[in-house]
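**Q** I would like to see how this sequence folds:
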Amino acid sequence: MERRSFHDEQSRNKRDSVLLAIVVSAVLFALIVSISYIWDPASVYFMVPVGVVITLIYTWSSYQYGDRVVLMSTNAQPATGSRYIFLNDTVEGLAIGAGIPKPDVYVMPSRELNAYATGKDPEHASIAVTQGLLDTLDRQELEGVLAHEISHIKNRDVQFMTLVAVLVGLAGILSNMILRSYWWGGRRSKRDRDSGQIGLIIIVVGFLLAIFAPIASRLVQLAVSRRREFLADASAAELTRYPDGLADALEKIGKLNSGHMKVSESVSHLFISDPNRSALDAIYSTHPPIEERVKRLREM
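**A** Numbers count the residues shown, from 1 in each chain. Below you'll find the predicted structure:
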């Protein structure tokens, strides 16, 4: 199997981000047209240019401010004051070693052991850790976790993963809107609806997108996250020169976490460990098994 360099992975992540934005923008536009047609067929001609503008604005704002949305959704607060000096110093040291600017640092008020990185690029990135992580891990273990998140930033995973987080949430919202529009708006405008082939195609496509968009979004999460978690683990081991630190941290995370952190599924793939565990994790989890990750780290 061909081994990619970190530079190759960064280039690939940039390309994936552009492709994702194009695909989701097309889906968003199709849903807008379908919703407007269901409510009033005559409004399609007005909503086409409006849909284009809305699509462009949303895609741009998701890229620019998606990390702010993620931080707010997890109730992350800035890590300021003497209590977090070691945390900030460790993040700064690892960032210098990785050759990137120091990310902003946040703390989540949760007893679970978890962390994530978010942002649009290495120059505009943030790391958030739970209070439980800070209270439980020793210095080497904490350094391993932070190095993992720094690696996500260095490898430009955050750019793609943050965009996925925002767009997965959007897929659920729009799907709900179009299904409601189909039942309520569809009934109200039934007598006015054009029965031609184009109108039927618009309704069918919109209905299918409403059903399958959330599923497709979840599959994107799975494909994105599992591969990049292994890469970030390896990058963290290279950065700290001590793979056992991260391995020990992952073992504690797997042993002590309840898996009920109550965060949105749309951002679960950002975390170092799945914050919402279920019986279907072997199939649908956004993260590879912790045991496999620990095994690979121990073998380095």
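**Q** Domain map for the protein?
**A** With domains defined by automatic domain parsing, the chain comprises 6-66+162-222, 77-158+223-298.
**Q** looking at those domains, which has the lowest confidence?
**A** Here the lowest mean pLDDT among the domains of the chain goes to domain 6-66+162-222, at a mean of 67.
**Q** Glu229: what's it in contact with?
**A** By Cβ atoms under 8 Å, 6 or more residues apart in numbering, the contact list for Glu229 reads Ile272, His287, Pro288, Arg293. C-beta coordinates here come from the backbone N, C-alpha and C atoms, glycine included.
**Q** Put the buried members of those residues into a ChimeraX selection.
**A** Buried residues among the contacts of Glu229 (16 or more other Cβ atoms under 10 Å), as a ChimeraX selection:
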select :272,287,288,293
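**Q** And Arg226, how far from Leu113?
**A** Arg226 sits 20 Å away from Leu113, taking Cβ to Cβ, to the nearest Å as the criterion.
**Q** Which of these two has more residues huddled nearby?
**A** The residue with more neighbours, out of Arg226 and Leu113, is Leu113; 28 against 16, by other Cβ atoms under 10 Å.
**Q** My guess is the more buried one contacts Gly254. True?
**A** No. Applying Cβ atoms under 8 Å, one finds Leu113 not in contact with Gly254, separated by 9.2 Å.
**Q** Identify the contacts common to those two.
**A** Ser273.
**Q** quick one: Thr136 from Ala115, how far?
**A** Relative to Ala115, and taking Cβ to Cβ, Thr136 is found at 12 Å.
**Q** in which helix or strand would I find Val107?
**A** Using DSSP states H and E, Val107 sits in strand 104-108.
**Q** Relative to that strand, what are the paired strands and their orientations?
**A** Strand 104-108 has the following sheet partners, assigned by DSSP bridges: strand 77-78 (antiparallel), strand 124-130 (parallel).
**Q** In JSON lines: those, plus distance to Ile211 and mean neighbour count.
**A** Shown next, in JSON lines, are those (distance: least, Cβ to Cβ, whole Å; neighbours: other Cβ atoms under 10 Å):
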{"stretch": "strand 77-78", "distance to Ile211": "38", "mean neighbour count": "13"}
{"stretch": "strand 124-130", "distance to Ile211": "33", "mean neighbour count": "25"}
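**Q** among those strands, which is nearest Ala98?
**A** strand 124-130 (11.1 Å; Cβ to Cβ).
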